[in-house]
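Visitor: dropping a prediction and its sequence here:
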Amino acid sequence: MTRSPFRRLVFGTLRRLLYLWVRSETINQSAFTLKLDRSKPVLYALQQDSISDLAVLDTECRKAGLPRPVLPVRVGDLLEPAAFFYLSPDPDWFGRQDKRSSAPALVRVLGAIQQQAVEDAQIIPVSVFWGQSPDRETSPWKLLFADDWAVTGRLRRLVTILILGRKTRVQFSAPIHLRALVDQGKGPERTLRMVQRILRVHFRNQKTAVIGPDVSHRRNLVKGLVHGPQVRQAIAEEHERDKVPVEKAEVQALRYANEIASDYTYTAIRFLEVVLSWFWNKLYEGIRVNHIEGVQDVAQGHEVIYVPCHRSHIDYLLLSYLLFRNGLTPPHIAAGINLNMPVIGGLLRRGGAFFMRRTFKGNPLYTAVFNEYLHTLFSRGFPVEYFVEGGRSRTGRMLHPKTGMLAITLRSFLRSSRLPIVFVPVYIGYERVLEGRTYLGELRGASKKKESIFDLFKVISAIRRQRFGSVSVNFGEPIKLAEFLDHQQPDWREQPLAPHYRPDWLNGATNRLAVTVARRLNDAAAINPVNLVALALLSTSRLALDARALARILDLYLALFRRVPYSPHATLPEGDGQTLIEYVRSMDLLAEQTDALGRILYLDEQNAVLMTYYRNNVLHVFALPALLASFFQSSSRMSREQILRYTKALYPYLQAELFIRWDVEELDAVVDEWLAAFVEQGLLRAEGDVYVRPAPSSRQFVLLTLVSRAIVQTLQRFYMAIALLLNGGQHALTAEELENLCTVMAQRLSILHGLNAPEFFDKSLFRHFIQTLLEQRVLRQDEAGKLSYHPLLGEVVEGAAKRVLPAEIRLSIRQVAQDRPGEPDELQEPPPAAA
């Protein structure tokens, strides 16, 4: 075609005619061009003999300033008439495919390198996808003709071009350097086969990453689960235990499999993209995506498991949408059985959702079927998504991880680790969460509401009434499971591979993996204007600040975290404090009162409760600097040695509750960075190895106090738990009894002191604090489960509390602890500083 001027003229004419209709774009071009060495000859490899694909490739190369595939290329003394070749033939008009020998151009170039006629040459595998621009799709029925795994003929390709030609994407792989392959010394024929095999793998991985793995028919997959080794053993055990006929147990297993399995279809995926494009544009003013390049790098050749934080029902829809738009396969998603509603459930199932019951207890056959289904997904390379928190966070904090799905994943990997697994944390940060009103009721004590199809109409109504701002999606640092296990259990590869193998170390490794995932999620926090305003105003006693004072504290927050970033994957909003204030006001989350001296900005009762949710989203980011600032509320000066000693004493409990990223061994360097930042901002003054706070009447001391109050309620909860324990005495309370007492006491104090923070008396926070005390060996349990402690615990805790809590708060907590919650008590006037 390109050997003569006439053929080039014909090709140029066809390309111009094609582009009267076709529109194309390149995905991930920047990553490719960084690896391209323009000093060496370049040839492009296309998978099939297709003049339309070649025309699209030629156009994209011209646009990007890359060597054109249809022009001659010199390889040493050899002048190739064109810089491209096809790996395999295109099927005929009816989809039939013929065998063909190796591409002559590839044979000649390899020969030139083997004969030392040229130093090296680069092969660029290129894939062209038709109908892969969901952000510009307007007609769902056209999705029927988009690319899939089926072998199609020229007639189908012609129809595809006519219908979807304006939605075409091109993806380049990294260059393959032929010299490195020739130098392996395998001879001409074996080297040629090796290059062809590498190219086939490239094309298969590219196609898998963009449109997903080749999906077997769901019916065959479901039937196959019944014959899996775990399921067969569960059926046999049920037959032995309950005398259930094997045939009946098989029928039940098949029912479970149909209840669980998704019906993943690309037509449904693309239809959802069309609908969601309208929804996101209507609901949000922008979706900011950060660090997705890391996912694109690991997607090929790995089993990817997305582990997002769970703040809203639309989390999984949003993630699938963004992955598809960025050339990645939408995952199979673990969804609660409560979402399997009429109409909605079927659509979600076809979009990749598989449904799971809230509990597997007492049903070993269901457990076996579910485990076998997950193993099938993992072993076949389907990307999967599940929420390690289990359910949506109603308080805005990262919930303590549930380890069930992680344990299933680890057991599946130990059973067959042929495909490496990588966990990708995804932090989703909303400026206004869609279920905000529902969460507001639950934060005030209302019971969790059951999902209903009628909720859709409420969502549409909310869109018209409220401004939702933007949403940020930050991809965190991937966790490669093999590397994690190498660190946790170096001999794991030597363990026997069996479907039911559960080593003794598995539970411990699963728990540590859960904590690692939670920390990586928090590492990728997207800090937005609503988070910062909520943090500032909820740190004041009256939930109000002068507009200029609020702008100053917001500017301080921004300056501190630009000076000491929380992690490489965390992001900050643009603009200054005044810009953030005006933005949050425009969302009707701030109230305003104006007088002759200026503006006062405050939170009304409803927003005050709701804003605790947005503050809690990023509380882990501010916990360590707030702890350091709190030391100077009761002490005017402290040495570095004192600061480090008290920090290391309290930090493990903050870290366990908030999943903060630094280990205790890293604290010295991190604390030094924060102290230097405080000094730069005038919040502290350094005198050698001693740090001195500003004068109490100064503006800098007020700012330091506001910084410290971010975690004052957390420290109060810690103190009240210890106070109740000490008041009860040795071997007097079980962990559960102490947890219940703490909850009642916290509710009582929240009323007495006007604390507008419902998570203050969250029972789970006390439970995990008590568990951390046991893990740190501060507490011990006897055979009856009663708690004991070191005789000096009270003295040590009181010494630390004097550093971080005002005297009136400590006195109030001790009084309530001594009176024992539930007994009559005189009404106390709450100290102003306690609020």
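Guide: Sure thing, it's come through.
Visitor: which strand or helix spans Phe468?
Guide: Under the criterion of DSSP states H and E, Phe468 resides outside all helices and strands.
Visitor: look up the pLDDT of it for me, please.
Guide: For Phe468, the pLDDT comes out at 88.
Visitor: what's the burial count for it?
Guide: Using other CB atoms under 10 Å, Phe468 has 18 other residues around it. From N, CA and C alone the C-beta is placed, and that goes for glycine too.
Visitor: and it, what is it in contact with?
Guide: 283-285, 430-432, 434, 587 (CB atoms under 8 Å, 6 or more residues apart in numbering).
Visitor: Tyr691 versus the residue minimising distance to the centre of the chain, what's the distance?
Guide: Centroid-nearest residue in the chain, with CA atoms, centre = their mean: Val426, separated by 1.2 Å. Val426 is 38 Å from Tyr691, where distance means CB to CB, to the nearest Å.
Visitor: and what of Ser636?
Guide: Taken as CB to CB, the span from Ser636 to Tyr691 is 10 Å.
Visitor: who has more neighbours out of those two?
Guide: Here Ser636 and Tyr691 are set side by side on neighbour count (other CB under 10 Å), and the busier one is Tyr691, at 24 against 12.
Visitor: chain center to the strand or helix carrying the more buried one: distance?
Guide: Element membership for Tyr691 (DSSP H and E) is strand 690-692. A distance of 40 Å separates the centroid of the chain from that of strand 690-692, by CA atoms, centre = their mean, to the nearest Å.
Visitor: same thing with stretch 619-627?
Guide: For stretch 619-627, the distance to the chain centre is 21 Å (CA atoms, centre = their mean).
Visitor: got the buried residues for it?
Guide: Residues 619-627 are the ones in stretch 619-627 that count as buried (16 or more other CB atoms under 10 Å).
Visitor: got it, and stretch 297-309?
Guide: 299-300, 302-309.
Visitor: which of the residues you listed lies closest to Glu483?
Guide: His302 (11.9 Å; CB to CB).
Visitor: who are the contact partners of that closest one?
Guide: Contacts of His302 (CB under 8 Å, 6+ apart): 419-422, 480.
Visitor: pLDDT for those residues - can I get that in CSV?
Guide: Listed next are the contacts of His302 as CSV, based on pLDDT from 0 to 100:
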residue, pLDDT
Leu419, 82
Pro420, 91
Ile421, 95
Val422, 96
Lys480, 95
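Visitor: keep only those of the residues you listed that are in strands.
Guide: 421-422, 480 (DSSP state E).
Visitor: if any of these are buried, put those into a PyMOL selection.
Guide: A single PyMOL command selects the buried members of the ones in strands among the contacts of His302 (16+ other CB under 10 Å):
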select buried, resi 421+422
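Visitor: closest to Ala525 among the ones in strands among the contacts of His302?
Guide: Taking these together and measuring to Ala525 by CB to CB, the closest member is Val422, at 20.9 Å.
Visitor: tell me what the helix or strand hosting Leu87 is packed against?
Guide: Here Leu87 sits within strand 84-88, counting by DSSP H and E. Counting by 3 or more CB pairs under 8 Å, 6 or more residues apart in numbering; DSSP states H and E, the packing neighbours recorded for strand 84-88 are strand 42-48, helix 104-114, helix 188-211.
Visitor: confidence-wise, which of those is weakest overall?
Guide: helix 188-211 - the lowest mean pLDDT of the helices and strands packed on strand 84-88, at a mean of 82.
Visitor: gap between it and the chain center?
Guide: 31 Å.
Visitor: kindly report the same for stretch 377-396.
Guide: So, by CA atoms, centre = their mean, the centroid of stretch 377-396 is 9 Å from its chain's centroid.
Visitor: for that stretch, give the mean pLDDT please.
Guide: Taken as a whole, stretch 377-396 has an average pLDDT of 90.
Visitor: now do stretch 529-541
Guide: On average, stretch 529-541 scores 94.
Visitor: all further residue positions should be reported with the first residue as 41.
Guide: Sure thing, new numbering starts at 41, so read that last one as stretch 569-581.
Visitor: got the buried residues for it?
Guide: 569-580.
Visitor: now intersect those with the helices, please.
Guide: 569-577 (DSSP state H).
Visitor: rebuild those as JSON lines, extending it with distance to Thr369.
Guide: Conversion of those to JSON lines gives the following (distance: CB to CB, whole Å):
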{"residue": "Pro569", "distance to Thr369": "33"}
{"residue": "Val570", "distance to Thr369": "32"}
{"residue": "Asn571", "distance to Thr369": "31"}
{"residue": "Leu572", "distance to Thr369": "35"}
{"residue": "Val573", "distance to Thr369": "38"}
{"residue": "Ala574", "distance to Thr369": "36"}
{"residue": "Leu575", "distance to Thr369": "37"}
{"residue": "Ala576", "distance to Thr369": "41"}
{"residue": "Leu577", "distance to Thr369": "42"}
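Visitor: what is the nearest of those residues to Gly391?
Guide: Val570 (29.7 Å).
Visitor: that closest one and Asp117, how far apart?
Guide: On the measure of CB to CB, Val570 and Asp117 end up 66 Å apart.
Visitor: again with Arg582
Guide: 84 Å.
Visitor: doesn't Arg432 lie inside a helix?
Guide: No: using DSSP: H, G, I helix; E, B strand; the rest coil, the secondary structure at Arg432 is coil, not a helix.
Visitor: tell me the contacts of it?
Guide: 350-353, 475.
Visitor: just to revisit the earlier point, quick one: which of the ones in strands among the contacts of His342 is nearest to Tyr654?
Guide: Among the ones in strands among the contacts of His342, and counting by CB to CB, the member closest to Tyr654 is Val462, at 30.6 Å.
Visitor: residues in a beta bridge with that closest one, which ones?
Guide: Val462 has these beta-bridge partners by DSSP bridges: Val344, Lys520.
Visitor: would you agree it is in contact with Pro518?
Guide: Yes: in this structure, Val462 is within contact of Pro518 by CB atoms under 8 Å, at 4.9 Å.
Visitor: list residues touching both of the two?
Guide: Shared contacts of Val462 and Pro518, counting by CB under 8 Å, 6+ apart, come down to Val338.
Visitor: circling back to that earlier point, go through the buried residues of stretch 659-667 and flag which are in helices.
Guide: 659-667.
Visitor: need these in CSV (columns: pLDDT and distance to Lys688).
Guide: Output for those, formatted as CSV (pLDDT from 0 to 100; distance: CB to CB, whole Å):
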residue, pLDDT, distance to Lys688
Leu659, 96, 20
His660, 96, 18
Val661, 97, 20
Phe662, 96, 19
Ala663, 96, 14
Leu664, 97, 12
Pro665, 97, 16
Ala666, 96, 16
Leu667, 96, 11
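Visitor: closest one to Val50 out of those residues, please.
Guide: For these, the nearest to Val50 is Val661 (61.5 Å; CB to CB).
Visitor: next SSE downstream of the least confident helix or strand in the chain by mean pLDDT?
Guide: Here the helix or strand of the chain ranked lowest by mean pLDDT, DSSP states H and E is helix 495-505, holding a mean of 58. Scanning forward in sequence from helix 495-505 by DSSP H and E, the next helix or strand is strand 511-515.
Visitor: against which helices or strands is that next one packed?
Guide: Looks like strand 511-515 contacts strand 327-330, helix 355-365, strand 461-470 (3+ CB pairs under 8 Å, 6+ apart).
Visitor: do that again at 7 Å, thanks
Guide: Contacts defined by 3 or more CB pairs under 7 Å, 6 or more residues apart in numbering; DSSP states H and E place strand 511-515 against strand 327-330, strand 461-470.
Visitor: give the partner strands of that strand in its sheet and their orientations.
Guide: strand 327-330 (parallel), strand 461-470 (antiparallel).
Visitor: need those in JSON lines with distance to Ser79, can you?
Guide: Output for the strands paired with strand 511-515, formatted as JSON lines (distance: least, CB to CB, whole Å):
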{"stretch": "strand 327-330", "distance to Ser79": "34"}
{"stretch": "strand 461-470", "distance to Ser79": "34"}
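Visitor: ok, of those strands, where does mean pLDDT dip lowest?
Guide: strand 327-330 (a mean of 93).
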